[in-house]
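Q: sequence first, predicted model second:
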Amino acid sequence: MAWDFATDPDFQAKLDWIADFCKREVEPLGYVFPHAVRVPIPKVRELVRELQDQIKAQGLWALFLDEELGGPGFGQLKLALVNEIIGRYPAAPQLFGAAAPDTGNMEMLAAYGTEEQKERWLKPLLNQEMFSAYSMTEPQGGSDPNLFKTHAVRDGEEWVINGEKWFTSAGRVADILFVMCTNGMFVVPRNTPGVEIQPEPRNHNHIVYRDVCVPLDHLLGPEDGAKVLAQRRLGGGRIHHAMRTIAQCKLAFDMMCERALSRESHGKIIAEHQMVQEKIADSYAAIKMLRLLVLEAAWKIDNTSTQEARTEIATVKYTMAKVLREVSFNALHILGSLGTTDLTPIQEMYASAPTMGIADGVDEVHKATVARRVLADYRPHEGYWPTEYIPAKREAAWQAYEPRFQADPELRAAAEGYRDYLKQRA
């Protein structure tokens, strides 16, 4: 099996362009016009389009879509390397047309939508003429679809949807909602009568669907196919989140190293204190290990399937939250009081770390998934003792050597003598 950590030179050139473009254009844009893609001011829209035209000219637009779905077909591994760069800049994912939840929703539309549905919703989403939200989790069941209650009933030429959804990210500002029901995935315009967005929480919304009527052609994919569609959007999304998390970790790491070399304490720079060195070393190792874990998961998706890589994806999901907590905590402590303020990204990064362990499924569920799938490859041992029980292994080894001993008495004598010698030393 080939094992190569090198990046194709042509694609590395694209990565270099992305890194330079983000530093030169995206970072300043994010400070002057936060959330620029959604700002309705004509001059800002014009500026955003100019930057996005440069991205499109590089063939980097809609980069999350496979080639057969209308995208560049980078695959998860290359996409992971891109997200490792753009994840450092809050404005970058939307500027590159690669921000959640739109990306996952577009993947579902591209894979399962009819031509009419693609024309009506996919094209405007790709062109950022509209935005979407993913309405999946529920108050009583969290992210477990087996506990969902939101249901659609067919009534003539319409579907009538009733239920509640909790933590619908950006639902308040979305044009369309992808609503996961017990019997299918439905596209619901936000302004449809009966869609009741509750006052709180503000960003991740609580939505009540009360006798919401949508035409029959608003069912996406097959009836009763919601779980299949959900897995389609969530698997790759977790890899994207993970690489953007690594980008955040590397940003925190850069800040802690810079600060460690800049501040003095007790007559020397704090980088010379062993406790600071420990934080830097631990953070470096944690980031490196997570990065390799994510890239292996992305490679496996590309070479097998999302389904085959479920163990790796679940492992990535709960590990990234843990590493982000550890690295941002270390950075906060090295920055000291400054790290506790909103004058650097560290405070927000550390505060958001627990959310990473809840969004897209809580860590505990993913850990249970990993354990269950790993244990499926093992079998219980026979009798009282484990397979690696040394007395049994030793006895089996002597039995395996018996034919050699019979053919060579001197070898037997040497083995017995050596055994007696070891017993005396014990």
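A: Perfect, I can see it now. Numbering: from 1, shown residues only.

Q: now do the residue nearest to Ala359 when sequence neighbours are not counted against Gly73, distance only.
A: Nearest residue to Ala359 in three dimensions, chain neighbours excluded: His241, at 7.6 Å (Cβ to Cβ, 6 or more residues apart in numbering). C-beta here means a position set from N, CA and C on the backbone, and glycine is covered the same way. To Gly73, His241 is 21 Å away according to Cβ to Cβ, to the nearest Å.

Q: pLDDT-wise, which helix or strand of this protein ranks last?
A: When the helices and strands of the chain are scored by mean pLDDT, DSSP states H and E, helix 226-262 comes last with a mean of 90.

Q: against which helices or strands is that helix packed?
A: helix 75-86, helix 102-112, strand 176-181, strand 184-189, strand 268-269, helix 274-303, helix 310-335, helix 346-356 (3 or more Cβ pairs under 8 Å, 6 or more residues apart in numbering; DSSP states H and E).

Q: Ser352: neighbour count?
A: Neighbourhood size, Ser352 [other Cβ atoms under 10 Å]: 17.

Q: and the pLDDT at the residue nearest to it when sequence neighbours are not counted?
A: Distance criterion Cβ to Cβ, 6+ apart; nearest residue to Ser352, sequence neighbours excluded, is Leu324 at 7.9 Å. At Leu324, the predicted lDDT confidence score is 97.

Q: test my guess that Leu324 contacts Met356.
A: Yes: with contact defined as Cβ atoms under 8 Å, Leu324 counts as touching Met356 (5.7 Å).

Q: OK, contacts around the residue lying closest to Trp121 once chain neighbours are set aside?
A: Among residues not flanking Trp121 along the chain, Leu109 sits closest, at 5.8 Å (Cβ to Cβ, 6+ apart). For Leu109, the contact set (Cβ atoms under 8 Å, 6 or more residues apart in numbering) comprises Gln117, Lys118, Trp121, Leu122, Leu125, Leu220.

Q: count of neighbours near Thr319?
A: Neighbourhood size, Thr319 [other Cβ under 10 Å]: 21.

Q: you'd agree it is up against Leu293?
A: Yes: counting by Cβ under 8 Å, Leu293 is a contact partner of Thr319 at 6.2 Å.

Q: on that earlier part again, any idea how far the residue nearest to Trp121 lies from Gln347?
A: Counting by Cβ to Cβ - Leu109 and Gln347 are separated by 37 Å.

Q: looking at this, Leu63 is in a strand?
A: No: counting by DSSP: H, G, I helix; E, B strand; the rest coil, Leu63 is not found in a strand; it is coil.

Q: residues touching it, list them.
A: Contacts for Leu63 (Cβ under 8 Å, 6+ apart) come out as Gly71, Pro72, Phe74, Leu79, Val82, Phe96, Gly97, Ala98.

Q: if we go to 6 Å?
A: By Cβ atoms under 6 Å, 6 or more residues apart in numbering, the contact set of Leu63 is Pro72, Phe74.

Q: measure it to Pro93 for me?
A: Following Cβ to Cβ, the distance that separates Leu63 from Pro93 is 11 Å.

Q: do the same with Thr304
A: Where Pro93 is concerned, Thr304 sits at a distance of 27 Å (Cβ to Cβ).

Q: neighbour count: the two, which is higher?
A: The neighbour comparison of Thr304 against Pro93 (other Cβ under 10 Å) goes to Pro93, with 21 against 11.

Q: verify the stated contact: the more buried one with Ala99.
A: Yes: applying Cβ atoms under 6 Å as the test, Pro93 and Ala99 come out as touching, 3.8 Å apart.

Q: please name the nearest non-neighbouring residue to Tyr350.
A: Sequence neighbours aside, Ser328 is the residue nearest to Tyr350 in space, at 4.1 Å (criterion: Cβ to Cβ, 6+ apart).
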